[in-house]
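Asker: Below is the sequence, then the predicted model.
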Amino acid sequence: MTETVKYRTVSITIRPWNRKGREYWRFKAGDKMVVRSTLEKAKQDARTHAQATYKGTLDLDTLTPAQVAAMKRMIDADPSCRLVDAFLVWHGKQAPKKNSKEAVAEFIAAKEANRGRSRHNVDNLTRHLAKIPDANLADIAPADFPPIPGSARTRSNVQAAWVTFFRWCVKRDYLPYGERTAPEKLDKPIVVRSIPATWSPAELKTLLANVKSQYLPWLALAALAGIRTEEVCPDPNSDKSPLAWEDFVWDRSIIIMRPETAKTGRRRVIPIPESLRAIIEPLKGAGSVGPHLPPHTPPKGHKLAETTRLGACVGGWRRNALRHSFISYRAAQVGLSQTAMEAGNSEAEARRSYNDAKGKDEAEEWFGIGQGG
């Protein structure tokens, strides 16, 4: 049984192929034979190749006599083909008009349907894409985008969201294929990575001495196990499953981070150092480890958020410094590769964003807290 995928005048035939008792599907792409494990994947890639062939690298053998005659007339009129790019721009604008706000709504709905348990990415996209001009997509030029306030990192994140959306619009045929999209033509902000903010062992002692009891597990787990805030006390509006006391395997001194709890959606195993065990084992119970409200969210009644209150004890709160500190101190003990695995990061990301290259003596003092260190 064969399958045929068509895009305009380009047709690609997909055929079954048996190798060592297992069935595959393959099709010819130029001089290469492309093999895929499922028919659905083969059809998807064949359509992509057919579209690229039609729009970018047209195979002359697929042209009809009428198309060949039309191309000859075009070359006779414009031998250098200088007008082709102008024609493509004009042709793209003749496509059915698609308003940017309508396309954004479709894009966000698609992301919402596939977001998993966390709303974080969808919420960020919604906020960033709200800045896109309300106009026909094909009419939006680089100069139409508003200035982006904030740091270089913030501006880079917003621009990346715009690029992602516009590339999605190209795939949906809302914009011409083969051109750089409007946000891709904007100047890229230069992001200079700074040394990550960390706490000293003395500052951690101060934080542990002043934290409210309901937030003590969060603080200790972040500082001594690198567990993210959203994994211990996720946003109340999220349907993420928070870390539970049942995830602690005390006889093996490990925490098993479930996929539905982990930010990355992947299970990981985290050692429990003796200092952490001494602090939190007396607190163990049933259900969630952290409080319902994240520490950076102020409760009702005009009270301070826990991070703001704690920051007053150490000269101001440093965002993400607990996790930065764990990775920096832990890397001095076991190396960055092992530390990244425990923290749920790639080694490259840990090296770029978190590692402050602490010494072994500093690490010993950090992880000795709670044991008389």
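Answerer: Perfect, thanks for sending it. Residues are numbered from 1 along each chain as shown.

Asker: Stretch 342-351 spans what distance, first to last residue?
Answerer: 14 Å (CA to CA, to the nearest Å).

Asker: i'd like the first residue to be 341 from this point on
Answerer: Yes, from this point I'll number from 341; that puts the last item at stretch 682-691.

Asker: Rounded mean pLDDT for it, please.
Answerer: The average pLDDT within stretch 682-691 is 86.

Asker: Near the nearest residue to Ala680 once chain neighbours are set aside, how many residues? Count them for me, please.
Answerer: Excluding the flanking residues, the one nearest Ala680 by CB to CB, 6 or more residues apart in numbering is Ala690, at 4.0 Å. Any C-beta I mention is one placed from the backbone N, CA and C, and that applies to glycine too. By other CB atoms under 10 Å, the residues close to Ala690 number 22.

Asker: just checking, Ala690 touches Thr679?
Answerer: Yes. Applying CB atoms under 8 Å, one finds Ala690 in contact with Thr679, separated by 6.5 Å.

Asker: Common neighbours of these two, please.
Answerer: Both Ala690 and Thr679 are in contact with 667, 671, where contact means CB atoms under 8 Å, 6 or more residues apart in numbering.

Asker: where does this structure have low pLDDT?
Answerer: Scanning the chain for pLDDT under 70 picks out 395-403, 428-436, 456-458, 710-713.

Asker: Centre-most residue in it?
Answerer: Asn461 (7.2 Å; CA atoms, centre = their mean).

Asker: Domain-wise, how is this protein divided?
Answerer: For the chain, the structural domains run 343-406, 440-525, 541-707, going by automatic domain parsing.

Asker: Would you reformat those domains as a markdown table and include distance to Val531?
Answerer: As requested, those are arranged in a markdown table below (distance: least, CB to CB, whole Å):
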| stretch | distance to Val531 |
| --- | --- |
| domain 343-406 | 32 |
| domain 440-525 | 5 |
| domain 541-707 | 11 |
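
Asker: Buried deepest among those domains, which one?
Answerer: When those are scored by mean count of other CB atoms under 10 Å, the highest mean neighbour count falls to domain 541-707 (a mean of 17).

Asker: what about Ile620, distance to Tyr555?
Answerer: 12 Å (CB to CB, to the nearest Å).

Asker: For Val674, see how far away Ser665 is.
Answerer: In terms of CB to CB, Ser665 sits 15 Å off from Val674.

Asker: Actually, Ile530.
Answerer: 34 Å.

Asker: tell me the contacts of Val462?
Answerer: 448, 451-452, 455.

Asker: To clarify, my last question referred to Phe506.
Answerer: Counting by CB under 8 Å, 6+ apart, Phe506 touches 477, 515, 521-524.

Asker: Before we go further, Val374 is sitting in a strand, right?
Answerer: Yes. Assessed with DSSP: H, G, I helix; E, B strand; the rest coil, Val374 lies in a strand.

Asker: And Thr349, how far from Val408?
Answerer: Separation of Thr349 from Val408 (CB to CB) stands at 12 Å.

Asker: repeat for Trp357
Answerer: Counting by CB to CB - Trp357 and Val408 are separated by 34 Å.

Asker: ok, back up a step: nearest residue to the residue nearest to the centre of the chain in space, please, no chain neighbours.
Answerer: Distance criterion CB to CB, 6+ apart; nearest residue to Asn461, sequence neighbours excluded, is Arg455 at 6.5 Å.

Asker: Please name the strands paired to the longest strand along the chain in the sheet, noting orientation.
Answerer: Looking across the chain with DSSP state E, the single longest strand is strand 350-359. Each strand paired with strand 350-359, and its direction, by DSSP bridges: strand 343-347 (antiparallel), strand 362-369 (antiparallel).

Asker: TSV please, covering the ones you listed and showing distance to Thr648.
Answerer: Output for the strands paired with strand 350-359, formatted as TSV (distance: least, CB to CB, whole Å):
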stretch	distance to Thr648
strand 343-347	56
strand 362-369	58
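
Asker: what does stretch 541-552 contact?
Answerer: In contact with stretch 541-552 (CB under 8 Å, 6+ apart) are residues 539, 556, 559-560, 563, 619, 646, 649-650, 653-654, 665, 702, 705-706, 708-710, 713.

Asker: same question but for stretch 343-357, I mixed them up
Answerer: With CB under 8 Å, 6+ apart, stretch 343-357 has contacts from 341-342, 363-369, 375, 379, 382-383, 386-387, 389-391, 393-394, 399, 402-404, 407.

Asker: measure that stretch end to end?
Answerer: Length of stretch 343-357, first residue to last, CA to CA: 13 Å.

Asker: so how far is that stretch from its chain's centroid?
Answerer: Centroid separation for stretch 343-357 versus its chain: 34 Å, with CA atoms, centre = their mean, to the nearest Å.

Asker: Now do the helices in the stretch 541-690 of the chain.
Answerer: With DSSP state H, counting those that start in this stretch as the criterion, the stretch 541-690 of the chain has helices at 541-550, 556-565, 569-572, 614-620, 646-651, 661-674, 676-683, 687-693.

Asker: what about the first one, distance to the chain center?
Answerer: Translated: helix 541-550. 33 Å.

Asker: what do you get for the second one?
Answerer: Per CA atoms, centre = their mean, the displacement of helix 556-565 from the mean C-alpha position of its chain is 25 Å.

Asker: With the third one instead?
Answerer: Its chain's C-alpha centre and that of helix 569-572 lie 17 Å apart, by CA atoms, centre = their mean.

Asker: give me phi/psi at the closest residue to Leu561 other than its chain neighbours?
Answerer: Excluding the flanking residues, the one nearest Leu561 by CB to CB, 6+ apart is Ile567, at 4.4 Å. Dihedral angles of Ile567 (phi, psi; degrees, to the nearest 10) stand at phi -80, psi 130.

Asker: Many thanks, I have nothing further to ask.
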